[in-house]
Each structure stands twice: as C-alpha cells, then as structure tokens.
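Enquirer: what shape does this take:
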Amino acid sequence: MMAPRFLKAGLLLLPQLRLAWGMAIAPRQQVICTYETAAGSGDTCQSFSADWGMDVPIFESLNPGITCPDLVAGQNYCVVGTVIGDSCEKIEAQFDISATQFLKWNPSVDSDVPGTTAPVTTTVPATTTTTTPADGITTPTPIQPGMADSCSKFDLVQSGDSCEAIAAKYDIQLFIFYTWNLAVGWSCADLDVGYYVCIETLGYTAPTTTTAAAGNVITTPTPFEPEMVAGCTTFYFVRPGDTCPAIASNHGITVGDIEQWNPKVGSACTNLWLDEYICVGV
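Expert: Alright, predicted model coming up:
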C-alpha cells in the first residue's frame with residue numbers, strides 16, 4: 001500500500017477556486033476560503049450546509065471554531081474552499097476528483113511530495129447507469145467529478161446547452177449551479193455533453209420572492225447582504241472595483257438610497273461586500 005501523500009504548506013489550486021483569504025486553524029493547517037456568505041435567521045449548520053451542497057463535517061472544517069448546530073444570523077461563513085495540510089487523498093476524496101486531475105492542477109505536488117506515482121488515465125463508459133445509495137436517491141452516470149454529494153435532481157447535458165441556460169431552465173442561481181457542479185469551472189468551460197449535472201440538493205431552499213405593487217413576482221437573487229430592504233425590485237451584483245457613487249450613478253439613484261436600502265453597507269458606504277447582491281431600486 002502506498003503511503004499517504006501529504007501537502008507542504010502552500011496554496012492548493014483547483015480550477016474552480018479563487019483565493020480570497022486564509023485562517024490558521026491548527027499548526028501547519030490553514031483554511032483557504034474562496035467564497036463566504038452570511039447565514040440567515042434560523043439557519044443551522046445542517047440547513048446551511050445542505051443549501052450549499054456539502055456535508056456538515058466539511059462545513060465545520062471550512063469554518064474552524066464554530067459551534068454547531070446554531071449559526072449567527074448575518075455572520076459570514078466559508079462555503080467554498082479547502083484545508084491546507086490535508087493529505088492529497090483526503091482532498092481528492094472531498095472534491096471527488098481523481099489523482100490525475102489533482103496532479104494536473106497542482107504540478108508541484110508531484111515533485112515535492114514523496115510517494116506520488118505517475119497518474120493513471122481512466123475512461124468513463126459512455127453507457128448510462130444508475131446507483132441507489134442509502135438515502136434513496138438514484139444518481140445517474142456518467143457524472144463529472146466534484147458534484148455535490150447531497151444532489152437530489154439531475155439534468156443530462158445536451159449539445160448546445162450552457163450553464164446559464166440550465167440554471168435558468170430550473171430557476172436556480174448560476175453561482176449555486178457552479179457550487180453544485182465544481183468540475184464545470186466558473187466560466188462553464190468544462191460542461192461536458194452527455195454527462196449529468198446537479199440541479200437540486202437535499203434541503204435546498206429556492207430564493208425568496210416578493211410581490212410588487214403591479215402584481216409581478218420579483219425573485220430576490222442570492223447571496224445578498226443581510227437586512228436588505230423588503231420589497232426590493234432591482235438588484236446589483238457587487239464586483240471588484242465597485243463603489244457606491246459609481247453604482248448609484250449607473251442606476252439613477254443616490255448614495256443615500258443605497259445606504260437606506262442596504263443598511264449593512266454602513267453610513268459612509270464603506271462595507272460593500274464583493275460577490276453579493278445589493279438593492280438598487282424599490
């Protein structure tokens with residue numbers, strides 16, 4: 001039996017992850033979080049983990065120091081990331097990827113870690129089969145690596161499909177689709193025809209909706225800053241480099257409007273959260 005391969009301290013690369021920040025959790029261990037978002041009122045470790053398609057132990061490892069089952073409403077928690085210091089095998093199992101893929105994305109591991117062997121390429125059969133785990137959910141095959149373990153509904157990718165089209169078809173946020181199907185990548189460059197993708201997970205709750213005065217149903221996108229005003233009809237996804245004055249100017253509103261509708265940005269609008277939606281119209 002080959003001895004486990006352990007990582008040296010350093011940045012682990014997966015194609016679907018972008019480095020955001022690190023937090024020390026134990027000697028020679030570090031969490032590299034690539035996306036964090038706030039818990040809502042009444043959220044628990046179980047419900048929050050299910051919403052993001054992961055198991056509670058993985059959620060706890062990404063958020064060292066938390067005390068389950070209860071979460072603090074409005075507090076940010078890591079939902080996409082990895083733990084530096086883990087063995088190669090453990091990380092491969094966590095993200096359901098092969099040693100071949102891991103070494104391809106992290107070429108330095110092959111030379112830096114004793115005991116690694118040349119990767120072996122395997123072929124996935126073209127035929128479709130199904131398996132029924134203990135939870136009773138039948139998982140069709142083939143599937144791409146990195147699919148959410150708690151996936152409960154699937155869609156077979158057809159020629160001409162795109163991530164945006166699939167997400168829209170099943171009324172799910174594109175970012176959520178990516179977190180459930182990590183192998184497709186954040187640009188959807190690796191969406192493979194003939195493979196199944198996840199379109200719903202156990203415990204997933206669809207975005208809340210509110211009804212506008214004219215009777216139109218407005219879908220509130222996620223993730224969004226907590227305490228957003230009720231009845232918002234227009235939303236904006238905050239990107240790097242955005243400022244409140246620029247956002248206000250582009251939407252024909254004032255900075256005061258943004259601060260009123262999104263209290264968490266602060267009185268000087270200095271707390272814009274990247275990759276979160278804010279209200280820009282009511």
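Enquirer: how about the strands in the stretch 101-250 of the chain?
Expert: 129-131, 139-141, 151-156, 196-201, 209-211, 217-219, 234-237 (DSSP state E, counting those that start in this stretch).
Enquirer: where does the stretch 1-150 of the chain dip in pLDDT?
Expert: 1-29, 34, 53, 81-136 (pLDDT under 70).
Enquirer: can you list the strands of the stretch 101-250 of the chain in JSON lines and add mean neighbour count and distance to I66?
Expert: In short, each C-beta sits where N, CA and C put it, glycine included. What follows is the strands of the stretch 101-250 of the chain, written out as JSON lines (neighbours: other C-beta atoms under 10 Å; distance: least, C-beta to C-beta, whole Å):
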{"stretch": "strand 129-131", "mean neighbour count": "9", "distance to I66": "32"}
{"stretch": "strand 139-141", "mean neighbour count": "15", "distance to I66": "29"}
{"stretch": "strand 151-156", "mean neighbour count": "17", "distance to I66": "24"}
{"stretch": "strand 196-201", "mean neighbour count": "22", "distance to I66": "21"}
{"stretch": "strand 209-211", "mean neighbour count": "11", "distance to I66": "30"}
{"stretch": "strand 217-219", "mean neighbour count": "12", "distance to I66": "30"}
{"stretch": "strand 234-237", "mean neighbour count": "15", "distance to I66": "27"}
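Enquirer: right, and the ones you listed - which one's nearest M54?
Expert: For these, proximity to M54 was assessed by C-beta to C-beta; strand 196-201 is nearest, at 8.9 Å.
Enquirer: contacts for the closest one?
Expert: Contact with strand 196-201 is made by 50-51, 53, 139-144, 147-148, 150-157, 166, 170, 172, 177, 180-181, 184, 191, as judged by C-beta atoms under 8 Å, 6 or more residues apart in numbering.
Enquirer: could you list the domains of this protein?
Expert: Per the record, the chain has its domains at 21-112, 129-201, 209-281, by automatic domain parsing.
Enquirer: go through the strands of the stretch 101-250 of the chain and find the least confident stretch.
Expert: Lowest mean pLDDT within these: strand 209-211, a mean of 40.
Enquirer: ok so, going back, of all the strands of the stretch 101-250 of the chain, which one comes closest to L71?
Expert: Taking those one by one with C-beta to C-beta, strand 196-201 is closest: 17.9 Å.
Enquirer: next, the angle from the closest one to strand 151-156.
Expert: 140 degrees (axes from the mean of the first three to the mean of the last three C-alpha atoms, to 10 degrees).
Enquirer: just the CA trace of strand 196-201, in CSV.
Expert: Extracted in CSV, the C-alpha atoms of strand 196-201 (Å, rounded to 0.1, in the frame of the first residue of the first chain):
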residue,chain,number,x,y,z
TYR,A,196,-25.3,14.6,-15.8
VAL,A,197,-25.2,17.8,-13.7
CYS,A,198,-26.8,18.6,-10.4
ILE,A,199,-29.8,20.9,-10.4
GLU,A,200,-31.0,20.5,-6.8
THR,A,201,-29.7,19.3,-3.5
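Enquirer: reformat the strands of the stretch 101-250 of the chain as TSV; add distance to I278.
Expert: What follows is the strands of the stretch 101-250 of the chain, written out as TSV (distance: least, C-beta to C-beta, whole Å):
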stretch	distance to I278
strand 129-131	42
strand 139-141	37
strand 151-156	30
strand 196-201	26
strand 209-211	16
strand 217-219	15
strand 234-237	6
